[in-house]
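Visitor: The following comprises the amino acid sequence and a computationally predicted model.
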Amino acid sequence: MPPTKTKRSNSGKKSSSKSKKDEIQQSKSPAEFFAENQSIAGFDNAGKSLYTTLRELIENSLDACESVNVLPDISVTIEEMTQAQFNKMRGVPTGASPAKPNAEEADDVKLPGDDDPKDKDKKGKGKKARAGGEAYFIVTVRDNGCGMAHEAIPDLLGRVLSGSKYGVRQTRGKFGLGAKMALIWSKKSTGVPIKIKTSHVKGVRGGGGGSLLTEEGERKIGPKVSSCVLDIDIYKNCPRVLEHKQQANTEKWIGTEMEVLVAGNWTTYKSRVVQYLQQLAIITPYASLGMDYSNRSDEKKEMTLRFERRSEQMPAQAREVKHHPSSVNNLLIQQLLERTSNKTLFKFLTNDLSGISPSAAKKLIQKLGNSFDGDMGPDELDDKQTTRLVQLLRSTDGLFKSPDGGCLSPLGEYNLNLGIQKVVEPEIIATARDKPGAYDGHPFIVEAAVSLGGNDAKEGITVVRFANRIPLLFEGGADVATRVANSKIKWSSYKIDHKKDRIGVFVSIVSTKVPFKGTGKEYIGDDITEIQLSVKRALQSCCQQLRAHLAKRNALRDVKERKSRLLKYVPDVSRSLFGILEGMRKRKLEEEDGLERVASPRKRVVGMSPAKRLKSSEREKTAIMNNISKGNLTEDMIKQHLIEAVEETANAGIGDNEDEDGGKSKSKSVDDERQSVYLVPIYDKPNDVQHAIQHPLFDFFPINVNV
């Protein structure tokens, strides 16, 4: 026995040393890496993966429409099926076992990538604890955008990290991951490829390449419709085309329709999907959005959502700009130096970087030292000289122009206001846009809105966040907008009760590089001072707009409350007054009959100055007594006069804004008849204007414009 043990031990040692010696270096393709680390792209578990798939396909459709200035019409259909229905549709052999004669218990099956920590706590609790578990979903998203060229479809959707959004530009996506990750998730969870149907007009592409409208203003129609069934080779990161054909465009349609079959969990992420679409309708009021959900097992669960277009005005397209000196690093400068077509360092600085004027370039070259010359070639710089150049580019203050916010494409206050009114329907809303700012050489613009009341609004502060016109639903507690709204704004100074009022805070940040925290890109940290201060200024501007209205509203509310309290006591006061007067009348009659009554000690006025007593003439007293005797002064009459006095006082406090019936007064109706005036900047003096208002700072030209 001992020799046997020794032999096994030695063989184990030899095997271990051999395995270490035989280790080899391996590399993975981008597709393989993201398939194994799908949580980086938002595919944490089955439910989150369904949500992210919908989000990526919808945002691709928005980009396709906006890139050619077409108002988006996007429709989403989601069809849920059980594992048994999926197997029957796919023809998957199941081999029914006696323990499970059917596949209706598919909800308990663990799907690839489903690593939801909540499920760990539910082990052993059976199917009941996981009601509505994972299922299979056919997700179809259809748009009316630019479409895709027939020959470009495989590379556009089947190659990870291949995209058209690289560069310094405001974009929804950046790395070419979204739709490809939906394909990878489909491959992992169901093994089913995606289906693409698209129609494209030759010469029209995203980013402003060509127009979808003819000279007569009619929409162009592609002659062919492309159909493609596409898979992806994970290990080679290349598309695998299963079907690729064209047919006549009998529908006269242009756009893209994508269909993907994935595993998911609708029960846990239904609220997130609805919330995403609601917030997307706020930030894209110029889009028409629709979603239809159906369940093959239970028709009662079917639902439909529609968000009609509220605005015809689309934001201008974002422009691509060159790198700002304060945003560069050694690697980036080396790449730019290698790729530049300029022959001299001077031209490289002025043409390949933004914000550097010719005079600034000369001063920069002088600061670099004797080893640099404006006429030297960019390829002549060695590593040490490149490092010195980067150091001066990043540290020189005041020499270069600030990053230009004109390249950005914010939604606009007009559209933001319409979007919130469309979805939330608040009682009052104020919007503001802060001046463009910059951090680390990247420009940004903050737009904000504050609303009070609305549909399903809760007491307290509800923060809704957007980044590059994308709703952010997760990890909101650490976001800069939430931190500023909860701790940096003194709501009470703006006549707002942040605990009882139903406050909606909407913050939209656009930038060429949004400083997301974490791999999920779900929140923006508050550690960037420039963004934090810009958010604070925008929210304060909204609150200042609301303060005047709220002060008037609060004053009106106080007047109404005072009126209500006074009217509450009118019956008691009128009854008491009439009782006092009636007692005075009886005592008067008794005095006339020669009877004297001694006043109660409590009612005797001792030591009171005659000046402080209520004085009235005998004639007034006699007139009051006679009116009571004849029935001309009754309790009801006193009550009516008191009510009229309270109404008159209340109307005076309201300031003629409302009449006693709650209707609009004359002054209010006059305000409603006034016509809105829009101020539009002009850069050339109009010739057809006779009357102008001149000011040292501006000239005002009244022009009639048909809106």
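Guide: Cool, the structure landed. Since the model is a prediction, treat every value here as computed from it, not as a measurement.
Visitor: quick one: the strands in the stretch 551-700 of the chain?
Guide: In the stretch 551-700 of the chain, the segments counted as strands under DSSP state E, counting those that start in this stretch are 693-694, 699-700.
Visitor: show me where the stretch 51-200 of the chain has strands.
Guide: 73-81, 135-142, 194-199.
Visitor: contacts for the second one?
Guide: This points to strand 135-142. Applying CB atoms under 8 Å, 6 or more residues apart in numbering, the contact partners of strand 135-142 are 50, 53-54, 57-58, 60-61, 74-83, 85-86, 106-107, 190, 255-266. Where C-beta positions appear, they are placed from N, C-alpha and C, glycine not excepted.
Visitor: Filter the residues you listed down to the buried ones.
Guide: When neighbours are counted using 16 or more other CB atoms under 10 Å, those contain these buried positions: 50, 53-54, 57-58, 60-61, 74-76, 78-83, 85-86, 106-107, 190, 255-266.
Visitor: So which of those residues are in helices?
Guide: Leu50, Thr53, Leu54, Leu57, Ile58, Asn60, Ser61, Gln83, Gln85, Phe86, Trp266 (DSSP state H).
Visitor: Distance of the last one relative to Lys301?
Guide: Spelled out, that is Trp266. Note on Trp266: its distance to Lys301, by CB to CB, to the nearest Å, is 8 Å.
Visitor: The fourth one too?
Guide: Distance check for Leu57 against Lys301: by CB to CB, it reads 22 Å.
Visitor: pLDDT value on Asp373, please?
Guide: On pLDDT, Asp373 comes in at 87.
Visitor: quick one on the thing from earlier: go through the strands of the stretch 51-200 of the chain and name the closest to Ala360.
Guide: With respect to Ala360, and counting by CB to CB, the nearest of those is strand 73-81 at 45.6 Å.
Visitor: what is in contact with Trp266 and Lys301 at once?
Guide: Glu80, Tyr293.
Visitor: tell me the mean pLDDT for stretch 293-300?
Guide: 92.
Visitor: if we can go back for a sec, and the strands of the stretch 51-200 of the chain as TSV, adding mean pLDDT and distance to Leu546?
Guide: Below are these laid out as TSV (pLDDT from 0 to 100; distance: least, CB to CB, whole Å):
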stretch	mean pLDDT	distance to Leu546
strand 73-81	96	33
strand 135-142	95	38
strand 194-199	94	47
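Visitor: among those, which is nearest Ala35?
Guide: The nearest among these, by CB to CB, is strand 194-199 at 15.0 Å.
Visitor: Val514 contacts Arg469, doesn't it?
Guide: No: if you go by CB atoms under 8 Å, Val514 and Arg469 don't touch, sitting 10.8 Å apart.
Visitor: Give me the more crowded residue out of these two.
Guide: Shown here are Val514 and Arg469; by other CB atoms under 10 Å, Arg469 has more neighbours (22 against 19).
Visitor: So the more buried one versus Ala135, what's the distance?
Guide: 31 Å.
Visitor: Low-confidence bits of this protein, can you list those?
Guide: 1-22, 95-134, 163-165, 174-176, 203-217, 594-616, 653-692, 694-707 (pLDDT under 70).
Visitor: What lies in contact with stretch 312-321?
Guide: Stretch 312-321 is contacted by residues 66-67, 69, 71, 167-171, 207-208, 286, 354, 403-404, 406-412, 414-415, 469, 510, 512 when judged by CB under 8 Å, 6+ apart.
Visitor: chain center to it, what's the gap?
Guide: 17 Å (CA atoms, centre = their mean, to the nearest Å).
Visitor: For that stretch, buried residues please.
Guide: For stretch 312-321, using 16+ other CB under 10 Å, the buried residues are Met314, Pro315, Gln317, Ala318, Arg319, Val321.
Visitor: Heading C-terminal from the host helix or strand of Ala360, find the next helix or strand.
Guide: Per DSSP states H and E, Ala360 falls inside helix 358-368. Next helix or strand after helix 358-368 toward the C-terminus (DSSP H and E): helix 383-395.
Visitor: Which strands or helices does the helix or strand following that next one pack on?
Guide: Using DSSP H and E, the helix or strand that follows helix 383-395 in sequence is helix 413-423. Counting by 3 or more CB pairs under 8 Å, 6 or more residues apart in numbering; DSSP states H and E, the packing neighbours recorded for helix 413-423 are helix 266-283, strand 428-433, strand 442-452, strand 502-511.
Visitor: Now do the second one: everything it contacts.
Guide: Which is strand 428-433. Contacts with strand 428-433, where a contact means CB under 8 Å, 6+ apart, come from 410, 412-413, 416-417, 420-421, 445-453, 538-539, 541-543, 545-546, 549.
Visitor: Go again with 10 Å.
Guide: With CB atoms under 10 Å, 6 or more residues apart in numbering as the test, strand 428-433 has contacts from 410-418, 420-421, 445-454, 504, 506, 508, 534, 537-547, 549-550, 553.
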